[in-house]
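Visitor: Here is my input, please return the structure:
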Amino acid sequence: MSIIIYHNPDCGTSRNALAMIRASGEEPEIIEYLKTPPSRGRLVELIRQMGMTPRQMLRQKDTPYTELRLYDPRWSDEELLNFMMEHPILINRPIVVTEKGAVLARPSERVLEVLANPDIGDFIKEDGEVVRAPVRR
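Guide: A predicted model of the protein is given here:
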C-alpha cells in the first residue's frame, strides 16, 4: 500500500506533513481534498481508522463552522457528516493513511507515527520549529 495524504497546499501543517513524508523517502499519493473530497463512505472509514468522531474531525478555523453553529451539541454524527460533505473545508487535515494506519497529522509531526521510516533526522518546519524524529530502539 502506498501512502495517501489528504492535502491542502494552502495549509502550512499539510505542507509540513507532506515534506516529512518525502523526507522519509516516500512519494505519497496526494489528494487535494478540496478539489476531490472523499466520498461519504471513505470519510466515515477514515474517521473510524483514526478512532475519532465526526465532531473531532471538524475544522473550525477559516470555515463556516461558527456560521453554521456546528458547536451546538444538537448536531448528530450523521448531520455533521452531511455538513462535511456539503462543505469539504470543514474536514480537518492533513489526513495521512499508510499500512500502519491513519492519522490526522495535527501537529504535522504526528505523520511520523504511521511512516515505515520515521527516522527523518531533524526536520525544520516552515515556521522554524525543529522536529526531532523518534529514536527507534
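
Visitor: can you pull the pLDDT of Gly121?
Guide: Per-residue pLDDT puts Gly121 at 89.

Visitor: Would you mind confirming that it makes contact with Val130?
Guide: No: with contacts counted by Cβ atoms under 8 Å, Gly121 stays clear of Val130, the gap being 10.3 Å. Any C-beta I mention is one placed from the backbone N, CA and C, and that applies to glycine too.

Visitor: Which other helices and strands does the helix or strand containing Leu43 contact?
Guide: Using DSSP states H and E, Leu43 sits within helix 40-49. With contacts defined as 3 or more Cβ pairs under 8 Å, 6 or more residues apart in numbering; DSSP states H and E, helix 40-49 has these neighbours: helix 54-57, helix 77-86, strand 95-98, strand 101-104.

Visitor: Is Val111 in a helix, a strand, or coil?
Guide: Counting by DSSP: H, G, I helix; E, B strand; the rest coil, the backbone at Val111 sits in helix.

Visitor: residues of the helix holding Leu43 that come out buried?
Guide: Leu43, Leu46, Ile47 (16 or more other Cβ atoms under 10 Å).

Visitor: Sweet, I'm off.
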